[in-house]
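> Requesting a structural model of the entry that follows:
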Amino acid sequence: MTRRLLLLLLPIGFVGIALFLYQGLGRDPSQRDSALMARDFPAFEASTLRDANRQVDQSLLTGEVTLVNVWGEWCPACKQEMPQLLELADNGIRMVGINYRDTREKGLEFLSEFGDPFEVNVFDPEGSLGFDLGVYGAPETFLVDADGVIRYHHKGYVSPEDVRERILPEVEKWR
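As a prediction, the model looks like this:
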């Protein structure tokens, strides 16, 4: 009797597990919420892109609502979203960049060619700060409130529609 029950339960269990796993395949990983939502921005200490001798840390992100954009010279979508980021900065939104998995020279060339909306660019050549943020790849944008708490996470390219429909309302909400 026990063996017969086991032979019956095994296929049912297998089908159940297979359905559970199949359901996960249909989900878009970019729609996942950040694990850091409503948490302090991770502690870090790094040099800036423009000045290897200037050190900054997470205190850079307190006192004012700030958009933190993770970007790299190697990232095609980062080039596409730069007009939107420049417009946000021109409209008084504080921007801090994280130059992710790049070289200092290539990062500076990128800013020279595409513009620089950032008050400061944190230089993250090894991607350690990006790792602490749970970054899958550039670009990714985080909204940090005046207390240094992550309030919004945008994965991927920031389109003009994203600016109007998501980012500006979130900035206003936390100002």
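> From here on, just use CA atoms for contacts and neighbour counts.
Will do.
> Can you tell me what sits against stretch 136-148?
For stretch 136-148, contacts defined as Cα atoms under 8 Å, 6 or more residues apart in numbering pick out 40-41, 58-59, 61-72, 75, 77-78, 100, 150-157, 170-171, 174-175.
> and if we set it to 6 Å?
For stretch 136-148, the external contacting residues (Cα atoms under 6 Å, 6 or more residues apart in numbering) are 40-41, 61-71, 78, 150-157.
> Could you do stretch 111-128 as well?
Residues contacting stretch 111-128 (Cα under 6 Å, 6+ apart): 47-49, 86, 89, 95-102.
> just to revisit the earlier point, please pick the buried ones from the contacts of stretch 136-148.
Neighbour counting with 16 or more other Cα atoms under 10 Å marks 40-41, 61, 64-71, 78, 150-157 as buried within the contacts of stretch 136-148.
> which residues does the residue nearest in space to the middle of the chain bridge with?
Note on the chain: the residue nearest the mean C-alpha position is E140, at 3.1 Å, using Cα atoms, centre = their mean. With DSSP bridges as the criterion, E140 is bridged to V70, K155.
> Please tell me how far V144 sits from V68.
7 Å (Cα to Cα, to the nearest Å).
> Can you check the pLDDT for R3?
Among the per-residue scores, R3 holds a pLDDT of 73.
> One more: the one 5 residues further on?
At L8, the pLDDT value in this model is 67.
> For the chain, give me the ranges with low pLDDT.
For the chain, the stretches with pLDDT under 70 are 1, 5-11, 13-36.
> For it, just list every one of the strands.
For the chain, applying DSSP state E gives strands covering 45-47, 55-57, 66-71, 94-100, 120-124, 140-144, 150-155.
> TSV please, covering the ones you listed and showing distance to M82.
Conversion of those to TSV gives the following (distance: least, Cα to Cα, whole Å):
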stretch	distance to M82
strand 45-47	22
strand 55-57	23
strand 66-71	10
strand 94-100	11
strand 120-124	14
strand 140-144	12
strand 150-155	15
